[in-house]
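model this:
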Amino acid sequence: MKQLKPLAFITVGFTICLGLLSCTQSSKTATQPTNQLQGKLVLTGSSTVAPLAAEIGKRFESEHPDVRVDVQTGGSSRGIADARTGVANIGMASRSLKEEEKDLQAFAIARDGIGIILHKENSIKSLSNQQVIDI
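Have a look, this model is predicted:
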């Protein structure tokens, strides 16, 4: 088995997008605090990352009521492509960036474990590390 790699990556961090959102603030008024964020933050990509991103987005929206976080799935490649082309503010990926994608910056937000499970009636009772690698 290959070494565990980070399963969940976000190609652009929430922090960077917060900066982008702050650039889209409407003009300051007497009733609007100067640090109030507003706008829409779009995340697309991995369905593995989406539940975590949606929960983070929900909490972010509760702290910043004028911001909407839109989480869409479609696979890691979509998330990376959408982040690259500007369709999404954040691309969600559940794999490492490929060599040709290294112009983007990845931020690990979680790790996931992978296990091998056998049926109870299977005659195999154990596997060595090498056997797992060979499989």
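
low pLDDT regions in this structure?
Along the chain, the parts satisfying pLDDT under 70 run over 1-35.

so what's the gap between the lengthiest helix in it and the chain middle?
Using DSSP state H, we find that the single longest helix of the chain is helix 50-63. Taking Cα atoms, centre = their mean, to the nearest Å, one finds the center of helix 50-63 at 11 Å from the center of the full chain.

if you count neighbours, what's buried in that helix?
By 16 or more other Cβ atoms under 10 Å, the buried positions in helix 50-63 come out as 50, 52, 53, 56, 57, 60. (C-beta placed from N, C-alpha, C; glycine too.)

next SSE after it?
For helix 50-63, the following helix or strand on the C-terminal side (DSSP states H and E) is strand 67-73.

who touches the longest helix of the chain?
8, 10, 14, 41, 43, 67-69, 71-73, 90, 92, 109-110 (Cβ atoms under 8 Å, 6 or more residues apart in numbering).

quick one: which of these has the most company?
residue 92 (32 neighbours; other Cβ atoms under 10 Å).

all strands of the chain, in order?
Under the criterion DSSP state E, strands of the chain are mapped to 8-10, 39-45, 67-73, 90-93, 107-110.

same list (these) but as JSON lines, adding distance to residue 122.
Shown next, in JSON lines, are the strands of the chain (distance: least, Cβ to Cβ, whole Å):
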{"stretch": "strand 8-10", "distance to residue 122": "31"}
{"stretch": "strand 39-45", "distance to residue 122": "36"}
{"stretch": "strand 67-73", "distance to residue 122": "34"}
{"stretch": "strand 90-93", "distance to residue 122": "34"}
{"stretch": "strand 107-110", "distance to residue 122": "31"}
